[in-house]
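Chemist: need a 3D model of the sequence below.
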Amino acid sequence: MRKYILGGAGVLLLTFSLFTLSWKSPVEYGRIMRSASEVSLYNKYVNDLYDTTHLAFAGLDKAVFEKAITGFYNLKMSGKLSNSKSIITIADMEQSSTAKRLWIIDLDKKQLLLNTWVAHGNGSGSDKATRFSNVNDSFQSSLGFYVTGEVYSGKHGRSLKLDGMDAGYNDNARMRSIVVHGASYVGQGTINALGRLGRSQGCPAVAPELADLVINTIEGKTVLFINGNDQHYTSKFLDHHFATDLAMVNTKGAGFVDTAAIISNN
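Modeler: Got it, this is the predicted structure:
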């Protein structure tokens, strides 16, 4: 009798194992079933946002914007962002420091709020940032997605802490004291004198007269994306599948996965 019981238990165990291996969550199922028309609708949404906010005129490359907005929706899906703000900040370190390469965008209002200068780390290069690091005392900028943290008063005055979301690329931001702050070397005067902006110790520093405006606008768990020319950079937040789900809920696209259900499963 014991042999038959053990044999039956083995069959049940095998059946359960096969079921477990074959089961997929609703999120995974949604990703597999993503149709070409839904992807096309997401692409249209991104293109419409880019055009409506006149980002081409403001000098932001569409491919960089698409990366940033994809990360925004994935971070939103992960519950890491504010529910009351839809602000995204993009710093494109592929551009010259003399260009206004920082953009702050309100996605809900489809409005470009600010386009201005931003400094890179003095270890990253002269006029352009060509080297990036996550290492303390490298004085280099770090690529990737950040979530804005607390406002505090430090040696640069009122400043904004940042939490790096990309392991191996910027997750040492807190330890390195990489923050948003104002700096006198960011502005037209420095460009006129040096032919480039001044450089920070790795922080995305802005003009001192704009520091409060920038901090007040982006504080409280919004996205900052720092882009740069590094072929090795990768991020789990660049997954288009999940971003499509949430973006299409926002645009009331039919047939998309329920957002609340997705978030509760993560």
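
Chemist: burial of the closest residue to residue 173 other than its chain neighbours, as a residue count?
Modeler: In space, not counting the residues next to it along the chain, residue 173 is nearest to residue 164; the distance is 3.9 Å by C-beta to C-beta, 6 or more residues apart in numbering. Any C-beta I mention is one placed from the backbone N, CA and C, and that applies to glycine too. If you count neighbours by other C-beta atoms under 10 Å, residue 164 ends up with 24.

Chemist: what does the one 4 residues further on give?
Modeler: Look at residue 168: counted by other C-beta under 10 Å, it has 14 neighbours.

Chemist: ok, residue 209 next?
Modeler: Around residue 209 sit 11 other residues, with neighbours defined as other C-beta under 10 Å.

Chemist: does the residue nearest to residue 173 have any beta-bridge partners, and if so which?
Modeler: Partner residues in beta bridges with residue 164: residue 146, with DSSP bridges as the criterion.

Chemist: helices along the chain, start to end?
Modeler: Ranges of helices within the chain are 2-22, 26-32, 36-52, 62-77, 173-176, 188-194, 211-218, 240-250, 259-264, based on DSSP state H.

Chemist: circling back: enumerate every residue touching the residue nearest to residue 173.
Modeler: Residues counted as contacts of residue 164 (C-beta atoms under 8 Å, 6 or more residues apart in numbering) are 134, 142, 144-146, 170-174, 178.

Chemist: do that again at 6 Å, thanks
Modeler: With contacts taken as C-beta atoms under 6 Å, 6 or more residues apart in numbering, residue 164 has the following neighbours: 146, 170-171, 173.

Chemist: need the per-residue pLDDT for it.
Modeler: Looking at residue 164, its pLDDT reads 98.

Chemist: measure it to residue 179 for me?
Modeler: Computed as C-beta to C-beta, to the nearest Å, the residue 164 to residue 179 distance reads 12 Å.

Chemist: coming back round to it: just send the contacts of residue 164 back as a markdown table, with neighbour count and pLDDT too.
Modeler: Putting the contacts of residue 164 into a markdown table (neighbours: other C-beta atoms under 10 Å; pLDDT from 0 to 100) gives the following:
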| residue | neighbour count | pLDDT |
| --- | --- | --- |
| 146 | 28 | 98 |
| 170 | 27 | 98 |
| 171 | 16 | 98 |
| 173 | 24 | 98 |
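
Chemist: hmm, which two among these are most spread apart?
Modeler: 146 and 171 (9.8 Å; C-beta to C-beta).

Chemist: return the backbone torsion pair for the nearest residue to residue 112 once chain neighbours are set aside.
Modeler: Taking C-beta to C-beta, 6+ apart, and ignoring the residues beside it in sequence, residue 112 has residue 53 as its nearest neighbour in space, at 4.8 Å. Per-residue torsions, residue 53: phi -90, psi 0 (degrees, to the nearest 10).
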